[in-house]
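Student: The sequence and its predicted three-dimensional model are supplied below.
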Amino acid sequence: QSGWTGVNERTFIAIKPDGVQRRLVGQIVQRFEKKGFKLVGMKLIQATEGLLKEHYTELRSKPFFSGLISYMSSGPVVAMVWQGLDVVKMARKMLGETNPADSLPGTIRGDYCVEVGRNVIHGSDSVESAQREISLWFRENELQCWEDTHSHWIY
Ligand code: RTP
Ligand code: MG
């Protein structure tokens, strides 16, 4: 069934340093949980410039690249892997547009920020990017493959 093909899809989400400093971690995690996605990896990490340059390698010729790297290394980020049906595309919807000015209210960027250079959260833009980013930020043994074995506890 085509409707099930993306059910184990994974995406890489990072709460950027401004999101951590503004105490938005709980509210952002809650949005992904409420939507119905499964958390399979999470860590608070001070990313090195090397990691960030590799992460944003496609943007290295952009005029904002060095500013982006210093922003992203200005404090710890919450690196996460979320799993579920079409999670790459739906997470991008939840984030809103790159520029918060173009993001609708109800989206994370639409609700929490105003500047493109301080836009709170990252999300992979394709399944291929997600696979690349997950393997860049996480070791295989940092990702959990878990089942809802105790779902009879939830009413
Ligand atoms: P992200 O990768 O962080 O999820 O953001 P995105 O896909 O929506 O946008 P992308 O084009 O990948 O840009 C990465 C990040 O660079 C910063 N940026 N600044 N000053 C500018 O014009 C500008 N454009 C992009 C943003 O922080 C953006 O999220
Ligand atoms: Mg991007």
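Tutor: Ah, there it is. Ligands and ions are numbered 1, 2, ... in the order given.
Student: Show me the helices in this structure, by range?
Tutor: Secondary structure of the chain (DSSP state H): helices located at 17-21, 25-35, 49-55, 65-72, 87-95, 108-112, 127-137.
Student: will you turn the ones you listed into JSON lines that also has mean pLDDT and mean neighbour count?
Tutor: (Glycine included, C-beta is placed from N, CA and C.) Listed next are these as JSON lines, based on pLDDT from 0 to 100; neighbours: other C-beta atoms under 10 Å:
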{"stretch": "helix 17-21", "mean pLDDT": "98", "mean neighbour count": "19"}
{"stretch": "helix 25-35", "mean pLDDT": "97", "mean neighbour count": "14"}
{"stretch": "helix 49-55", "mean pLDDT": "98", "mean neighbour count": "16"}
{"stretch": "helix 65-72", "mean pLDDT": "98", "mean neighbour count": "16"}
{"stretch": "helix 87-95", "mean pLDDT": "98", "mean neighbour count": "21"}
{"stretch": "helix 108-112", "mean pLDDT": "98", "mean neighbour count": "20"}
{"stretch": "helix 127-137", "mean pLDDT": "98", "mean neighbour count": "17"}
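Student: do you know which of those helices lies nearest ligand 1?
Tutor: Closest approach to ligand 1 among those (C-beta to the nearest ligand atom): helix 65-72, 4.6 Å.
Student: Can you spell out which helices and strands pack onto the closest one?
Tutor: Helices and strands touching helix 65-72, by 3 or more C-beta pairs under 8 Å, 6 or more residues apart in numbering; DSSP states H and E, are helix 17-21, helix 49-55.
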